[in-house]
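Q: Structure for this input, please:
(one chain, ligands or ions: 1)
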Amino acid sequence: MSDVDDLIAKNRQWALGKTEADPDFFSRLVRQQSPSYLWIGCSDSRVPANEIVGLDPGELFVHRNVANLAPPQDANYLSVLQYAVEVLKVRHILVVGHYGCGGVAAATDPAQHGLIDHWLSPIRYLAKERHVELAALPSDKARFDRLCELNVVRQVRNVASNPFVLAAWSTGRDLTVHGWCYSIENGLVSDLAVSISSASQAEALFNDEA
Ligand code: CO
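A: So this is what the prediction gives:
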């Protein structure tokens, strides 16, 4: 059996297990998806969105890219965000970074990596911007961990200043943007305590961060 055939076999087992536990599981999903959460996370294979938070298909709308970025001009991310906010009407947007992120490491590595260096440039600028804070930390590991967190906070800021999100808040919508950092060492998520549920909270956070 080839590696890929093995995946098909695993898929059959998975689908059977779902139907055995809940015979209507798939027919319900066909009718509608109504997730309450949008996940913006890293493409890293060690950070599987649904699995980490124990959610089933239909419960989490997911956007992943290298280093969990939310770039204000990226049409892919913006399309996902608009659909999640305006059509699915999610109540929570989870920006989820992770410690040990290869994208964050590559952004601060002086070596050239090709196209990805363009994608990661916001993190490179962020590291320069926060140079004093990072330099004061006791080790390279501490600096790396902190930059992973700072990147999440910056992406939370991008999401919270997005026009679709601001428009939702202006109509009184219940919508919160959260910043989390996941540890691939122990499987635990840390809440970075930068949750934002309104335009005025967003202003306050950005002023603190500046
Ligand atoms: Co990563």
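Q: Return the residues in contact with residue 64.
A: The contact partners of residue 64, taken as Cβ atoms under 8 Å, 6 or more residues apart in numbering, are 39-43, 49. Placement of C-beta: from N, CA and C, glycine included.
Q: how about the helices of the protein, start to end?
A: 3-21, 25-31, 49-52, 75-82, 102-108, 115-119, 121-129, 131-135, 140-160, 163-170, 199-209 (DSSP state H).
Q: Could you report the distance from residue 48 to residue 4?
A: 19 Å (Cβ to Cβ, to the nearest Å).
Q: of those two, who's got more company?
A: residue 48 (12 against 8; other Cβ atoms under 10 Å).
Q: Could you list the buried residues of the helix or strand of the chain with the lowest mean pLDDT?
A: When the helices and strands of the chain are compared on mean pLDDT, DSSP states H and E, helix 199-209 comes out lowest with a mean of 82. Using 16 or more other Cβ atoms under 10 Å as the test for burial, helix 199-209 gives 201-202, 205.
Q: can you list the residues you listed in JSON lines and add distance to residue 112?
A: Below are these laid out as JSON lines (distance: Cβ to Cβ, whole Å):
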{"residue": "201", "distance to residue 112": "39"}
{"residue": "202", "distance to residue 112": "35"}
{"residue": "205", "distance to residue 112": "34"}
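Q: Which single one of these is nearest to residue 152?
A: Distance to residue 152 across the buried residues of helix 199-209 (Cβ to Cβ) is lowest for residue 205, with 12.4 Å.
Q: For the protein, which residues are neighbours of the ion?
A: Applying Cβ under 5 Å from the ion, we find that the chain lies next to the ion at 42, 44, 101, 103.
Q: Now, the residues you listed that are in strands?
A: Among the residues of the chain next to the ion, the members found in strands (DSSP state E) are residue 42.
Q: Which of the residues of the chain next to the ion ranks first by neighbour count?
A: residue 101 (27 neighbours).
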